[in-house]
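Novice: Generate coordinates for the sequence data below:
(one chain, ligands or ions: 1)
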Amino acid sequence: MTKRACGFVIFRRIRGMIEYLLMQVSYGEHHWTPPKGHVDPGESDMETALRETEEEAGLSASDLNIFENVKHELNYHVNGKPKIVVYWLAELLDPKKPIRMSHEHQAFKWLSLEEACAVAKYQDMQNALKYFNDYILKNLS
Ligand SMILES: Nc1ncnc2c1ncn2[C@@H]1O[C@H](COP(=O)(O)OP(=O)(O)OP(=O)(O)OP(=O)(O)OC[C@H]2O[C@@H](n3cnc4c(N)ncnc43)[C@H](O)[C@@H]2O)[C@@H](O)[C@H]1O
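Specialist: Model prediction:
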């Protein structure tokens, strides 16, 4: 059975720069991803993305401008099992709003596209970040 997770690639505009929020998990390989998590039974993808973002980063829907039509899907395998991760683009409305981490993460960073791609490590996550960055440059600048 395919696992499904959903979240937001969150960006902020600060000092004339675009920065992306990446969070480092406190377990396993301590990898970095945007806030996201598994879809619970009966939840829609968007409900999952909102719940996980609140739990993992302390940000609620009212903190974000969510671009519901701008999304990107990642497909990879975890322990031999397929996993789909859906990300929507979202802007943090107050760029200075503090991030409140849960026990699932040990660090977070606001990063430029290049820095975020270096930290994200996986090619498909890098492609997602570039896709969203292109959208911002073409439509939101
Ligand atoms: N090793 C561990 N030890 C203790 N508790 C653990 C654990 N793994 C998970 N948990 C528990 O599971 C919960 C996570 O639940 P959720 O928070 O609901 O779900 P998630 O973000 O999708 O989980 P995860 O971090 O496992 O997913 P990812 O696909 O990024 O990452 C899964 C794997 O895929 C790899 N990966 C990530 N992105 C990838 C990509 N784009 N391509 C290929 N591989 C990728 C990662 O490096 C990682 O190895 C946590 O509360 C934690 O308690």
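Novice: residues in contact with the residue nearest to the spatial centre of the chain?
Specialist: When CA atoms, centre = their mean is applied to the chain, the residue found nearest the centroid is Pro34 (2.8 Å). With contact set as CB atoms under 8 Å, 6 or more residues apart in numbering, Pro34 has these partners: Gly7, Phe8, Val9, Ile10, Tyr20, Leu21, Leu22, Met23, Tyr87. C-beta here means a position set from N, CA and C on the backbone, and glycine is covered the same way.
Novice: go on, Lys71?
Specialist: Listed by CB under 8 Å, 6+ apart, the contact partners of Lys71 are Val86, Tyr87, Trp88, Leu89.
Novice: Mark which of these are part of strands, please.
Specialist: Val86, Tyr87, Trp88, Leu89 (DSSP state E).
Novice: any idea which of the contacts of Pro34 is the one closest to Asp94?
Specialist: For Asp94, the nearest member of those is Ile10. The distance, counting by CB to CB, is 12.1 Å.
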